[in-house]
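Student: would you be able to build a 3D model of this:
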Amino acid sequence: MKSIIQVHLEYKKDVIRDIEINSASNLEKLHHAIISAFELDKNELASFYITNDEFELIQEIPLFSVEDKENSMLGMSDIILSSILKTEGTQLLYVYDFMKMWRFLITLTEITEEKITTSKCIKSVGKMPENAPEISFKVEKEFDPFSEAFDDLDEFKDYEEEY
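Tutor: Numbering: from 1, shown residues only. This next block holds a predicted model:
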């Protein structure tokens, strides 16, 4: 079976590649197809991430399997594409080069019965930028007792510990 995977770079302008790949391929083959389609350096590490609907990270799938005393993590070569991207619209995150943090949204857009043996880029939109976009991580605080809104509360004013 053939899968069409859309790979969308997180960037201010559209940079998209559609990749045709055998559904029985592993995630490592998809990783190499992404590198080829975006003309990225082959010597950088990367990971796929399974997320929920709010794109909170659920599980990392690194390039290489990792084993330690407490747990083991399957690598890209251990996971078949069709086992994780089962239905059209299923998505993953892909992070390439952890120093620069290129982030891509991976979406399964089509599955057909056609048999193929090699992967290739079948559609290209936009030019790959020279530098990775700056990513800001924001966390909104629900309660901050030291904010100006709480200045009039006596329990936070002139607090002294007694011993």
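Student: where does Ala33 fall, phi/psi-wise?
Tutor: When quoted as degrees, to the nearest 10, the phi and psi of Ala33 stand at phi -70, psi -40.
Student: grab the nearest non-local neighbour of the most centrally placed residue in the chain.
Tutor: In the chain, the residue lying closest to the centroid (Cα atoms, centre = their mean) is Leu93, at 2.2 Å. Closest residue to Leu93 apart from its sequence neighbours, by Cβ to Cβ, 6 or more residues apart in numbering: Tyr49 at 4.2 Å. In short, each C-beta sits where N, CA and C put it, glycine included.
Student: tell me the secondary structure at the one you found.
Tutor: Using DSSP: H, G, I helix; E, B strand; the rest coil, the structure places Tyr49 in strand.
Student: related to what we said a few turns ago, elements contacting the helix or strand hosting the residue nearest to the centre of the chain?
Tutor: According to DSSP states H and E, Leu93 maps onto strand 91-96. Secondary-structure packing of strand 91-96 (3 or more Cβ pairs under 8 Å, 6 or more residues apart in numbering; DSSP states H and E): helix 27-38, strand 46-51, strand 102-112.
Student: thinking again about what came up before, report pLDDT for the residue nearest to the centre of the chain.
Tutor: Leu93 carries a pLDDT value of 94.
Student: do Ser136 as well
Tutor: Per-residue pLDDT puts Ser136 at 56.
Student: what count of nearby residues applies to the nearest residue to Phe64 once chain neighbours are set aside?
Tutor: Excluding the flanking residues, the one nearest Phe64 by Cβ to Cβ, 6+ apart is Gly75, at 4.8 Å. Gly75: 18 surrounding residues under other Cβ atoms under 10 Å.
Student: so Gly75 makes contact with Pro62?
Tutor: Yes - at 5.8 Å, Gly75 counts as touching Pro62 under the criterion of Cβ atoms under 8 Å.
Student: C-alpha coordinates for the strand holding Leu93, CSV please?
Tutor: Presented in CSV, the C-alpha positions along strand 91-96 are these (Å, rounded to 0.1, in the frame of the first residue of the first chain):
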residue,chain,number,x,y,z
GLN,A,91,-0.6,13.5,12.7
LEU,A,92,2.8,13.4,14.3
LEU,A,93,5.4,16.0,15.1
TYR,A,94,8.9,15.7,13.8
VAL,A,95,11.8,17.6,15.3
TYR,A,96,15.0,17.7,13.3
